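1. Show me the folded form of this:
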Amino acid sequence: MIRTTARLLEFCWRQGGWPAILRMLRWQVGGRITGMPSIAPFIGGTRLVLRRGLSSATAAHYVGLTDPAEMMLCLHLLRPGDRMTDVGANIGIYTLLAAGVCGAQVVAVEPSPGTLPHLADTIALNGIGDRVTVHAVALGAATGRLRITSRRGAANRVLLPGETDAAEEVPVTTLDALGPAPLLLKLDVEGYEAEILRGGPNTLADPTLRAVIVETNGHGARWGGDAATLHGLMLAAGFVAADYDPATRRLSRREGPGFPNTVFVRDWDWVSARLASGRNGV
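-> Got it, this is the predicted structure:
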């Protein structure tokens, strides 16, 4: 309990200072007293449903953009009518930024039956149902079925062979089967990213896809798809790893994967110009 509280305080201080800590304390105390959900303002007039134990929503409430550079890239890159695919949508933070703030069309992929109602709440609360298509499936290298953990919240993941944990079986499809390639693809599936990329050769080859945000925090080593493997797959598909500075709106090339996420870009000049002219900010 003490370690968890210390980590939470450090996170809030590092990303939001005293205002974030005060928001955290108000919610932690108020949420325990009432035991009821709450509605909180987010970014660009959007709102979040806060519930006890819903860490993705509460973290966003405390600090705003939990992945600052990557989320600002999303806000600066997308325009109304653009297409984004949010794989591992969870409660829909990236989906909300893309559809609710930017006006983009979003394909949100979330396999967890326990998380899907919270994603639906985010969509309904913000009135973006006409811009979001939800696929209640997992993605992989091929169609089939997989078992995913069911009690880890935002950290639910595909179960390893022989691993025992509270889990549920879900259908699996491929990235290519989702339809036309998006302008922006985000992958956050607790280590299963390489398998998803292997199921999307046509999507990766489509020049429509200009930018990809991938979680590269080392979890993929469980399935033989560590950060270096992901980096190699993206380079082979014609992408370049990049860092994004939202303050200057400039991309800079990087030699290897980042942590905990890596941005990959194709058509550097086009993406750079798009980012520089984006109107959405925080």
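2. Where does the prediction get shaky in the stretch 151-282 of the chain?
-> 281-282 (pLDDT under 70).
3. Break the protein into its domains for me.
-> 1-64, 67-277 (automatic domain parsing).
4. Now do the end-to-end distance for the longest one.
-> Distance across domain 67-277, first residue to last, is 21 Å (Cα to Cα, to the nearest Å).
5. Check stretch 84-96 too.
-> Stretch 84-96 end-to-end distance (Cα to Cα) = 11 Å.
6. pLDDT (mean, whole number) over it?
-> On average, the pLDDT along stretch 84-96 is 98.
7. Mind giving me the packing neighbours of the lengthiest helix in the chain?
-> What stands out as the longest helix in the chain, according to DSSP state H, is helix 2-34. When contacts are defined as 3 or more Cβ pairs under 8 Å, 6 or more residues apart in numbering; DSSP states H and E, helix 2-34 sits against strand 38-41, helix 55-63. Just so you know, the C-beta spots here come from the backbone N, C-alpha and C atoms, and that holds for glycine as well.
8. Would you mind putting the domains of the chain into TSV with mean neighbour count alongside?
-> Shown next, in TSV, are the domains of the chain (neighbours: other Cβ atoms under 10 Å):
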stretch	mean neighbour count
domain 1-64	15
domain 67-277	19
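9. mean confidence score for the longest helix of the chain?
-> pLDDT averaged over helix 2-34 gives 90.
10. Would you mind getting the angle between that helix and helix 55-63?
-> 90 degrees (axes from the mean of the first three to the mean of the last three Cα atoms, to 10 degrees).
11. if I pick Pro171, what's in contact with it?
-> By Cβ atoms under 8 Å, 6 or more residues apart in numbering, the contact set of Pro171 is 111, 137-138, 143-145.
12. err, Asn261, not the other one
-> 67, 70, 188, 213-217.
13. one more time with 10 Å
-> Applying Cβ atoms under 10 Å, 6 or more residues apart in numbering to Asn261 gives the contacts 67, 69-70, 186-188, 213-217.
14. With Ala221 instead?
-> 191, 227-229.
15. and with 8 Å instead?
-> Gly191.
16. Now do the SS call for it.
-> helix (DSSP: H, G, I helix; E, B strand; the rest coil).
17. all strands for the stretch 151-282 of the chain, in order.
-> Assigned by DSSP state E, counting those that start in this stretch, the strands in the stretch 151-282 of the chain fall at 167-173, 184-187, 211-215, 240-245, 250-253, 261-265.
18. Adding distance to Trp13, write these out as CSV.
-> Below are the strands of the stretch 151-282 of the chain laid out as CSV (distance: least, Cβ to Cβ, whole Å):
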stretch, distance to Trp13
strand 167-173, 35
strand 184-187, 27
strand 211-215, 23
strand 240-245, 22
strand 250-253, 27
strand 261-265, 21
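19. of the ones you listed, which approaches Ala155 most closely?
-> With Cβ to Cβ as the measure, strand 211-215 is the member of those nearest Ala155 (11.4 Å).
20. Now tell me what touches that closest one from outside.
-> Contacts of strand 211-215 (Cβ under 8 Å, 6+ apart): 67, 70, 73-74, 77, 88, 183-191, 193, 230, 234, 239, 260-266, 271.
21. Please apply the same query to stretch 274-282.
-> 43-44, 64-65, 72-73, 75-79, 101-102, 210, 244, 249-251.
22. let's go with 6 Å and repeat that
-> 43, 75-77, 101-102, 249 (Cβ atoms under 6 Å, 6 or more residues apart in numbering).
23. So which of these sit within helices?
-> Those of those lying in helices (DSSP H): 75-77.
24. The spatially closest residue to Glu110 that is not a sequence neighbour: what's it in contact with?
-> Once flanking residues are discounted, Glu110 sits nearest to Ala89: 4.3 Å by Cβ to Cβ, 6 or more residues apart in numbering. Shown in contact with Ala89 (Cβ under 6 Å, 6+ apart): 95, 108, 110, 119.
25. can we see that at 10 Å?
-> So Ala89 contacts 56, 95-96, 106-112, 115-116, 119, 122-123, 132, 134-135, 186, 188 (Cβ under 10 Å, 6+ apart).
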